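A.B. asks: Take a look and give me a structure for this.
(chains A and B)
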Amino acid sequence: MPFDQALRFASIWLASTSFIGLTLGAGLPEWLAALTGAALIVALLRNRGGKSVERLATYAPISDVGWNLLVIVGFLGFWVDMLWVSGELLSAGIHFLMILMIIKLFNLKHRRDYLHLYAISLVAILASGSLTADLWYLPIFLLYLLAGVWTLLLFQLTKHPEETRMLATSVSIRPQPPASVNQVTPQLFWFANGLALATFGLTLVIFFTIPRVSAGFYQKGFGENIRTSGFSETVNLGEIGPIKRDPSVVMRVELSDGSPHETGRLYLRGVAFDQYDGKAWTNRLNYRRSVSEDATGTFVLRGSRSPAPDRLGETIRQTIVLEPLDTPVLFAAPLIERVSGKFPSIQSDLTGSVYLPFPSSSRIEYSVLSRSNPVLPADLGSEPSRYPESFVRHFLQIPAQPERIAILAKEITHAQRTTYDKANAIQSYLTHNFRYSLDAPLTEQDRPLEDFLFTRKTGYCEHYATAMVIMLRTIGVPARLVTGFLAAEWNEYGNYYVVRQQDAHAWVEVHLPHSGWITMDPTPPSIESIGGGSPAWHALGRMMDTIRLQWSRFFVQYSAADQLAVVRELKAGGTSARNKVFDSMTALFSPFMAMLGGIKEYASKETMLSLAEVLGPVLIGLAVFLWLGIKRPWVKGMTRKKTTYDQQIIAQLYRRMISHLARKGVPKLTAMPPLELVRLTQERWSDASSSVASITELYCRTRFGRIPPTREELALAEDHLRYLMALDKP
Amino acid sequence: MLRQSPSILQRLFRHRTTSVTSEGVQFLLFTLAIGIAAINTGNNLFYLLLGMMLSLILISGVVAEYSLRRLEFHRHLPYHLIVNEPTTATLVVKNRKSWLPSFSLKMFDVCDGHELDRGLEIRQLLPGASQLVSYPLVATRRGRLRLDGICVGTEFPFGLFMKRTFYPIEETLIVCPEIKPINESLLQGLVTAGPEQSVQRRGHGNDLYNLRLYQAGDDSRKIHWPTTARTSQLTVRETEAEDQHRAIVYLPTVAPATHDASFEQAVSLTASIIQHLARRGYILRLIVGSSHSSFGQGDLHLLELLPMLALCERRSPIAESVVPGELPRTSLELEEGAMIVVHSWLGSRDIEPEHPTILINGAVITGASHAV
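C.D. replies: Coordinates of the predicted model:
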């Protein structure tokens, strides 16, 4: 491909990449996205060639002055957009940027026009980086880098002829350079791609080592926070239902031992509610106090007291990456003891819920040490005890007229003696006699709980938990409703739980006299499958999620603190630093390693076949492209040696000539040298001999003499071949 | 002439210069802007873009360095030049790298520390390949022209910087004085003076010079048969030499500093005269100041005479206390031929520098002061 054409192609590619990045990040208006896309396609077609397109390209209905006027109109439009239409500087600026890109795409005449296009595309990719932090930015960035390297390279290579042409013609008549000088040769192709690869490697090095300022002066989050429900101070019954169909990821939870919880599920506690008015739950114990911070920067909630060894429950250390939510609640396994993270402060209320001072606008990461209360033997044999008045007011409160519910509760628990047994009986009753369904419009009911218990007998977690809490309270057992998430989706590639909106859950905390608050969950397992798809797609989805997490950790959230940690590690000693680097690299490549490690397991589960259905064609396609790129089977005869583009052309011409001669009865035998063929042609078909001799001479000179042909010579050889084709053999 | 690539140490300490192109300035400004944006916002994706732009700058320097390394230059030049007369010089550039091509090489002649842009450029030089480029070389001053070497620069790969390095190929050329067409008056003087002063002697001509008895070794074709028949003795015929045009051209080098331009004109005029006479078959002798050549004829002799004029220097009359135009008479007495003297200074009474004065056999050629 000639340099000029390659430069135009690379420039359009660069503009396209930045346009796609901006479209994905900013959500351009449809008309503007369509217009820009059309402009890019037209520019690409013009570059692609074809005489009709060239004719179209030369037909310019707008002069240079007209284009300049359009820019001025676009600038006025920018002000109108900023003041009245979108009302934002950034949005209006992006729209104006796209208008400028369209104008430049139609007006690529001079070298400065190309420079303007590059500047526009750079600002566009910058704007796209300011509007997103998603994983898709990575491939867009890589494509942009590759296009950028090619564009700059070709812009430089096409620079000099324009400048030196006048000088060269004025001082001497120069011989026509070989055509290959102005072509993208295979050497240049691989060289440019290698350069892009080296640039990417160096970019990573610079990215990780360039000193960071701890916080930007104008730092802001990306887009809107995820809207969730069930974690405010008042929650209507049935409010969680709608988000139970939302697969958005809200957090990822890593456990310290790197393996899933022994039960396979992990409760992530959010907020606890004490008051129920028959329709809504309210947390009256919502007075928040700041949590003190110890010397190591850890916030301690329950660490001051040291429980007796027999009171020690299961300890869970977890690291949570929380997406930006519209609630300040910090989620963790019950019950939180210590929290550490990059927060200025945290707060907690009397129910043990933990909050940030305000909802975070960006993704946050924190570590939590939780310890659940075990059921002590004392509670397995004791009668229900009496509670203080304040405790009764909050955790034994019941709404008015719950007679039917109280009767039901007594019926269920009349055979049970201890508090724990009673709670278990109610839980078992609800689990086994009711059906889980998200299609339960109980929010419109006057008495949704009674409707759930006695009429519909279907519902979801909120209904089950509410029913259990109220039933326990009617028989004098303190209980509270807790909302949070139930993590059940284990990502084997990254070794963490993926928690989605649809995992939002409500369960019950029952107070036992000696053990304290223990977690109980009356909700039966859901038989509804949310989201279809084969296991292979799910596996692929989990793998992508891991990559997304690593992208976020290592790129989006990389900070001065991380740099400081690396420096400290390096100072502390080579071994630990090496381990750290090894761990980081392992984390980066963990999805692939896990996939390789799990091949045997998947094969046994026959999931591998499904995965192969997805990955197989992709890998085969890649292999074929790689093979075609390396072998170039369409250039036969020249494959054993390094061939230039011109050598390939003349070899093709020669081959076509041989096949044509063979059709005309002048076959070239395998052992016949080229000049022998010329002699044979002279004998059998004298009219064609001059053309054959000319093409053969150029072929021999190029192939054996290693002298590249000039463009004129190639054109002449093509003419000879055309003449040969048109010639009739007597 | 052939200069091998220098050693590693030399390569390390070789002088490099880097200048920023206009595109490079724009690129650096954009990089600065993105850097400020990254610091202000703390956005890591801005840092990623900043890293990309910085790495492009670094890669640019490294690749340009490799592009300029391990090149070999071989320059072909004529033995001497003539002022203001273009000569073709050729330069063979070879890439001695084993796998990396060199791209966009721009070459400059370095002459007395100055870089001269000859418009030499090689777009792509594959590993192990060589390419020949030629360019017109024009000297503007007579004397020695010293070419220090080749400065080779490249804007490859991204056109952001122009990186240059110097390959020393020291070369000294002799630049002869400018040769101009001779005007009519002088031409007339030379035509009339030359033949009249020719001396009869033996030679390879057609006219009869002498008859003598045959001696062993004489050419049998020169036997004069009528005389031989008449005298019955083998007699050979000697002919008169055809190239009887002999001339001595004398350029006095004594002139005051005020007559420097006049002296240069005299040098150029002398060169023009000897070139004119040599082309007409004169046997020439050149005397420049105190140095003189032998008599000789033809182009080869001319090429010996011109460097004398190229390298001659004006001498101050105080230092030399020599009267201009004074010649060792013995040589004149011994040799016969036209005596052409080109004066740039006529003595202490010649205060105002004018054009050179030409004397042929002592007679001033009027109107011949201007060579052109």
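A.B. asks: quick check: domain ranges of chain A?
C.D. replies: A:3-209, A:377-480+A:506-520, A:558-624, A:645-726 (automatic domain parsing).
A.B. asks: Verify the stated contact: B:Ile57 with B:Ala64.
C.D. replies: No: when contacts are counted by Cβ atoms under 8 Å, B:Ile57 is not listed as touching B:Ala64 (10.9 Å). Heads up, the C-betas are built off the backbone N, CA and C, glycines and all.
A.B. asks: A:Ile412 against A:Ile426, yeah?
C.D. replies: Yes: in this structure, A:Ile412 is within contact of A:Ile426 by Cβ under 8 Å, at 5.6 Å.
A.B. asks: More neighbours: those two, which one.
C.D. replies: Using other Cβ atoms under 10 Å in any protein chain shown as the criterion, A:Ile412 and A:Ile426 rank with A:Ile426 on top: 29 against 19.
A.B. asks: so that one touches A:Met468, yeah?
C.D. replies: Yes: counting by Cβ under 8 Å, A:Met468 is a contact partner of A:Ile426 at 5.4 Å.
A.B. asks: By mean pLDDT, flag the weakest helix or strand of chain A.
C.D. replies: helix A:159-171 (a mean of 46; mean pLDDT, DSSP states H and E).
A.B. asks: ok, what's across the strand from B:Pro136?
C.D. replies: Per DSSP bridges, residues listed as beta-bridge partners of B:Pro136: B:Thr88.
A.B. asks: From what I see, it and B:Glu85 are in contact.
C.D. replies: No: with contacts counted by Cβ under 8 Å, B:Pro136 stays clear of B:Glu85, the gap being 10.0 Å.
A.B. asks: Stretch A:313-328 spans what distance, first to last residue?
C.D. replies: Start and end residues of stretch A:313-328 are separated by 27 Å (Cα to Cα, to the nearest Å).
A.B. asks: Is it in proximity to chain B?
C.D. replies: No: using Cβ under 8 Å from any Cβ of the partner chain, stretch A:313-328 never reaches chain B; the gap is at least 15.1 Å.
A.B. asks: for chain B, what's the longest helix?
C.D. replies: For chain B, the longest helix by residue count, based on DSSP state H, is helix B:44-68.
A.B. asks: name the helices or strands packed onto that one?
C.D. replies: With contacts defined as 3 or more Cβ pairs under 8 Å, 6 or more residues apart in numbering or on different chains; DSSP states H and E, the packing partners of helix B:44-68 are helix A:111-131, helix A:137-157, helix A:186-209, helix B:22-41, strand B:102-111, strand B:143-154, strand B:161-176.
A.B. asks: Distance from that helix to the middle of the chain?
C.D. replies: In terms of Cα atoms, centre = their mean, to the nearest Å, the centre of helix B:44-68 is set 46 Å apart from its chain centre.
A.B. asks: Break chain B down into its domains, please.
C.D. replies: Each domain of chain B, as a residue range, per automatic domain parsing: B:8-176, B:184-198+B:244-364, B:208-239.
A.B. asks: quick one: average pLDDT of the shortest one?
C.D. replies: This points to domain B:208-239. Domain B:208-239 carries an average pLDDT of 87.
A.B. asks: Just the terminal-to-terminal distance for it.
C.D. replies: End-to-end for domain B:208-239, by Cα to Cα: 5 Å.
A.B. asks: and what of stretch B:35-50?
C.D. replies: 6 Å.
A.B. asks: And for stretch B:249-256?
C.D. replies: Distance between the two ends of stretch B:249-256: 21 Å, counting by Cα to Cα.
A.B. asks: now stretch B:216-234
C.D. replies: End residues of stretch B:216-234 are separated by 11 Å (Cα to Cα).
A.B. asks: okay, and the helix or strand of chain B with the least pLDDT?
C.D. replies: helix B:329-334 (a mean of 48).
A.B. asks: Now do the SS call for the closest residue to chain A within the stretch 151-300 of chain B.
C.D. replies: Per Cβ to the nearest Cβ, the residue of the stretch 151-300 of chain B with the smallest distance to chain A is B:Gly159, at 3.4 Å. Secondary structure, DSSP: H, G, I helix; E, B strand; the rest coil: B:Gly159 is coil.
A.B. asks: where does the stretch 201-350 of chain B have low pLDDT?
C.D. replies: Segments of the stretch 201-350 of chain B classed as low confidence (criterion: pLDDT under 70) are B:201, B:203-205, B:241-244, B:318-336, B:350.
A.B. asks: Can you add distance to chain B and give the domains of chain A back as JSON lines?
C.D. replies: Converted to JSON lines, the domains of chain A look like this (distance: least, Cβ to the nearest Cβ, whole Å):
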{"stretch": "domain A:3-209", "distance to chain B": "3"}
{"stretch": "domain A:377-480+A:506-520", "distance to chain B": "37"}
{"stretch": "domain A:558-624", "distance to chain B": "6"}
{"stretch": "domain A:645-726", "distance to chain B": "10"}
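A.B. asks: lowest-confidence stretch among these?
C.D. replies: Mean pLDDT is lowest for domain A:558-624 among these, at a mean of 67.
A.B. asks: centroid residue for chain B?
C.D. replies: Centroid check for chain B by Cα atoms, centre = their mean gives B:Leu81 as the closest residue, at 2.0 Å.
A.B. asks: So that one belongs to a helix, correct?
C.D. replies: No: under three-state DSSP, B:Leu81 falls outside any helix and is assigned strand.
A.B. asks: Relative to A:Lys664, how far out is it?
C.D. replies: B:Leu81 sits 59 Å away from A:Lys664, going by Cβ to Cβ, to the nearest Å.
A.B. asks: what does the stretch 151-300 of chain B put close to chain A?
C.D. replies: Residues of the stretch 151-300 of chain B lying near chain A by Cβ under 8 Å from any Cβ: B:Glu155, B:Phe156, B:Pro157, B:Phe158, B:Gly159, B:Leu160.
A.B. asks: Tell me the one of the residues you listed nearest B:Arg285?
C.D. replies: Taking Cβ to Cβ as the measure, B:Arg285 lies nearest B:Glu155 of these, at 55.4 Å.
A.B. asks: Pretty sure that closest one sits against B:Arg123.
C.D. replies: No: using Cβ under 8 Å, B:Glu155 makes no contact with B:Arg123, being 11.8 Å away.
A.B. asks: State the pLDDT value of the closest residue to chain A within chain B.
C.D. replies: Closest residue of chain B to chain A, Cβ to the nearest Cβ: B:Gly42 (2.8 Å). Looking at B:Gly42, its pLDDT stands at 83.
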